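Colleague: here is a sequence together with a model predicted from it:
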Amino acid sequence: EAGVTQFPSHSVIEKGQTVTLRCDPISGHDNLYWYRRVMGKEIKFLLHFVKESKQDESGMPNNRFLAERTGGTYSTLKVQPAELEDSGVYFCANAGSGRYNEQFFGPGTRLTVL
Amino acid sequence: RKEVEQDPGPFNVPEGATVAFNCTYSNSASQSFFWYRQDCRKEPKLLMSVYSSGNEDGRFTAQLNRASQYISLLIRDSKLSDSATYLCVVNQGYSTLTFGKGTMLLVSP
């Protein structure tokens, strides 16, 4: 079974530009999560989709971040306009089928805002 | 107080050594617990879930103490390939994961 994939693997943009990150979850998995790690900090939750609905977006930093999951398949996370503090690694994850809600992560997108 | 706290290390150990990592969490309502492993510039990978009774997977043993809000990971007979950052992760019941900053392990020949 293919794992979670993310695109692009790296993105370097200038402050004020827009970037869209994509996550393709494991086929058939309803739960999709976005997390972020900024330098020197722990990985932090951004939001949770169940199919196409936002179940919890309490971790989104501000309204410059917009996540979508049209049709309940792949998801995008757009940052507009990007700021320097948005630099970090953005991970997408699927939940497994276990009772403990184990989550499996994609390789991440490393975003650098200059 | 941070939600999940870990000693950042690094822990430098020789091959074959036994090493233990500890983690404390602040939310007593936390429901499930995990150890993830993260290699440099890679994604976190699930190492093991931590069950109330404690559990073992080969050279790895995880323990949970709910009363003290404490989780541990023991690695026996360390291998060079065990070098990584070990992340203590807690699910507080809302399905989202809360991560510690990780403990770095360096195993040397």
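Modeller: In hand now; what should we look at?

Colleague: make it CA atoms for all contacts and neighbour counts henceforth
Modeller: OK.

Colleague: could I get the contacting residues of residue A:14?
Modeller: Contacts for residue A:14 (C-alpha atoms under 8 Å, 6 or more residues apart in numbering or on different chains) come out as A:82, A:113-114.

Colleague: tell me how far it lies from residue A:20.
Modeller: Residue A:14 sits at a distance of 14 Å from residue A:20 (criterion: C-alpha to C-alpha, to the nearest Å).

Colleague: and the residue nearest to residue A:105 when sequence neighbours are not counted, helix, strand or coil?
Modeller: Once flanking residues are discounted, residue A:105 sits nearest to residue A:93: 4.2 Å by C-alpha to C-alpha, 6 or more residues apart in numbering or on different chains. Assigned by DSSP: H, G, I helix; E, B strand; the rest coil, the conformation of residue A:93 is strand.

Colleague: let me see the contact set for residue A:93.
Modeller: A:4, A:25, A:32-35, A:103-106.

Colleague: state the pLDDT value of it.
Modeller: Looking at residue A:93, its pLDDT reads 95.

Colleague: cool, the one 5 residues further on as well?
Modeller: Model confidence at residue A:98, expressed as pLDDT, equals 69.

Colleague: can you get me a residue count around whichever residue of chain B sits closest to chain A?
Modeller: Nearest to chain A, among the residues of chain B, is residue B:101, at 4.4 Å (C-alpha to the nearest C-alpha). Residue B:101 has 23 neighbours, counted by other C-alpha atoms under 10 Å in any protein chain shown.

Colleague: give me the nearest residue to it, chain neighbours excluded.
Modeller: residue A:42 (4.4 Å).
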